[in-house]
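S.K.: sequence first, then the predicted structure:
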Amino acid sequence: MPFRPLLIATLVAFWAQPLVVQAQTAEAVLENIDSGAYLAARVAGAANDYREAAHWFTRAMIAAPDDQALMEGAIAAHIGAGNMVGAIAVAGKLKAMGVNSPAAELVLMADEAKREDYAALQAKPKDGRTGALLLDGLVNAWAELGTGRMSEALDAFDTMGETEGLKGFALFHKALALASVGDFEGAEAIMSGEAEGAIASMRRGTVAHAQILSQLERNTDAIAVLDASFPGDTDPQIRALRTRLEAGEPVPFDIVRDVTDGLAEVFFTLGLALNGEAADEFTLQYARVAMYLRPDHAEATLLAGAMLENLKQYDLATAAYAVVPQTDGGFFAAEIGRARSLLGADKLDAALEVLTALTRNNPDQLSVHLALADMLRGAERWAEANAAYDAAIALVPQPAMPGYWSVYYSRAIALERQKLWDRAEADFRKALELAPDQPQVLNYLGYSFLERGENFDEALSMIERAVAQRPDSGYIIDSLAWGYFLAGRYTDAVEPMERASVLEPVDPVVTDHLGDVYWAVGRTLEANFQWRRALSFDPTEELATRIRRKLEIGLDAVLIEEGAKSLDAVAND
């Protein structure tokens, strides 16, 4: 479903309006309200601290209960915090004042949908309630179905599909509407592309298609649909669905069970479309509304949690993930997200406890072992990470598919950091066997060879291939330049090392390397300058000690102290 920039701008425009109002009326507001509460609300809102912002906007409204800027700020804060009841209360008051507020209309639409007041949902001005064409159009079509007018609902979806860029969305929701009333043949004709051509489908759409096929007693075709979209069988929910289909079970269609579910799906669909294309706070708004309309919508919950993580609202993210029950197929992803958000809140032990319990209770789930292993690796607990990767790799289907390269690569890093080089090299090479041109693996293994003084020609070849794949990666270009340096090709090293430094301007290792290269070509003043810069970028103590020694006696003398070859000796080899 293509999503054009103009459509994105339309969807997010109404959310920007409250912020504009606040900025334009700040001086006037401060004259009439509790300025301390107002300023606290503005600061909290700017930091996306939704709970605090909601509290302070509410406090400020005590002194100025009819102030539009405060009310719109409160609506946004309440939604971000997951308090739809609070948002609806403020929105209702704003509308009663006769204020045209798209933000208020959005939450009132959610309220009407929750109450199944479909006639109210259809009562809209000429240009729509929110001004977002796709949102207003989809809500209107589902509301037609809610009032029992199926033909009019289908016509509304078709009319939407005539607008450039909206056809994929309209067809997808038309298929869901048909399936929700039991017309699985009509829904399948759309999902398969037979009716109006192929439509791109997201994960949830693929699941819907498989469920529709199962209801048509076509489980084999449903399995084929899953296999085409999810090769490798790593998703626990997809694997469970495939198992049911393989057993011949008629899987029920539960993606959209009724009109309220359909309306929840509208907000979730648009939230997914916004994800990565618009600011995270906008995506969060749609996910929150979808959660309100359908509390068991695990994927909307996961989307909201991810946005809250991105916004560094880790407590809210933890709370969001925690609502997904163990019986839901999204439980594993939610627990992994909860552990991530605990880690983001600097609660490493609590995060590891969540993942350890998850692996203990679900020993056959590859994804949970990988999540634990990755977190342990991030905490530099190498031996524990190694053991967790062992458990994960034991679950990798054999022969391993290309997508599993990262599992071997990650374990290789844990092994290399424990100085278990032979085993690490075997895993690096296994990763390359699965993904021969993977730049991360090529760079890491090639650089490791350089540092160990082994397989020099192969190492440079690997790094050059990695650079070809990622020409804008400062770390990979640094590896190439460092390879030239170690080979005594000092002049050749200057240009790529300078480029690496531009791409990674505050990395202590890259900056230190640049100083070494400058020293090697006789630019000693510049070398000393770069070494001093490297010290300001928080290097490890080991690196800092070596840099200080270079500043005292120069690189050549340090190399001699370390028992290494001099720069001239390397260049003349």
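M.R.: Nice, I can see it. Residues are numbered from 1 along each chain as shown.

S.K.: and the helices in the stretch 451-573 of the chain?
M.R.: Remark: helices assigned in the stretch 451-573 of the chain by DSSP state H, counting those that start in this stretch are 456-469, 474-486, 490-503, 508-520, 524-535, 541-553, 555-561, 567-572.

S.K.: next, the angle from the fifth one to helix 541-553.
M.R.: Angular relation of helix 524-535 and helix 541-553 on a 0 to 180 degree scale: 150 degrees, by axes from the mean of the first three to the mean of the last three Cα atoms, to 10 degrees.

S.K.: pull out the buried positions in helix 524-535.
M.R.: Within helix 524-535, the residues that qualify as buried are A527, N528, Q530, W531, R533, A534, L535, counting by 16 or more other Cβ atoms under 10 Å. Bear in mind the C-beta positions are built from the backbone N, C-alpha and C, glycine included.

S.K.: identify the farthest-apart pair in the residues you listed.
M.R.: A527 and L535 (13.2 Å; Cβ to Cβ).

S.K.: that older thread, which member of the buried residues of helix 524-535 is positioned nearest P250?
M.R.: Closest to P250, out of all of the buried residues of helix 524-535 and judged by Cβ to Cβ, is A534, at 64.7 Å.

S.K.: so that closest one makes contact with V506?
M.R.: No. Here A534 lies out of contact with V506, judged by Cβ atoms under 8 Å, at a distance of 9.6 Å.

S.K.: ok, N83 - contacts?
M.R.: A54 (Cβ atoms under 8 Å, 6 or more residues apart in numbering).

S.K.: for it, give me the pLDDT.
M.R.: According to the prediction, N83 has pLDDT 96.

S.K.: and if you look at A16?
M.R.: pLDDT, read off for A16, is 44.

S.K.: equivalent analysis for V29, please.
M.R.: pLDDT for V29: 48.

S.K.: before we move on, what about D66?
M.R.: 88.

S.K.: what's the answer for L121, then?
M.R.: pLDDT at L121 comes out at 89.

S.K.: count residues in the vicinity of it, would you?
M.R.: Applying other Cβ atoms under 10 Å, we find 26 residues neighbouring L121.

S.K.: residues in contact with the closest residue in space to A412 that isn't next to it in sequence?
M.R.: Setting aside the residues directly before and after it, A412 is nearest to D427 in space (Cβ to Cβ, 6 or more residues apart in numbering), at 3.6 Å. By Cβ under 8 Å, 6+ apart, the contact list for D427 reads Y408, Y409, R411, A412, L415.

S.K.: and what of I463?
M.R.: I463 neighbours (Cβ under 8 Å, 6+ apart): L442, N443, G446, Y447, L450, I476, S479, L480, G483.

S.K.: swap the cut-off to 7 Å and go again
M.R.: Residues near I463 by Cβ atoms under 7 Å, 6 or more residues apart in numbering: L442, N443, G446, Y447, I476, S479, L480, G483.

S.K.: what does L94 give?
M.R.: Counted by Cβ under 7 Å, 6+ apart, L94 has contacts Q68, M71, S101, A104.

S.K.: now for those, which pair is the farthest apart?
M.R.: Q68 and A104, at 9.7 Å, using Cβ to Cβ across those.

S.K.: more crowded one of the two?
M.R.: Neighbour count, other Cβ under 10 Å: between Q68 and A104, A104 has more, with 28 against 18.

S.K.: after whichever helix or strand the more buried one is part of comes which helix or strand?
M.R.: Secondary structure assignment for A104, by DSSP states H and E: helix 102-114. Later in the chain than helix 102-114, the nearest helix or strand by DSSP H and E is helix 118-122.

S.K.: which neighbouring elements make contact with that next one?
M.R.: Applying 3 or more Cβ pairs under 7 Å, 6 or more residues apart in numbering; DSSP states H and E, we find helix 118-122 packed against helix 102-114, helix 133-146.
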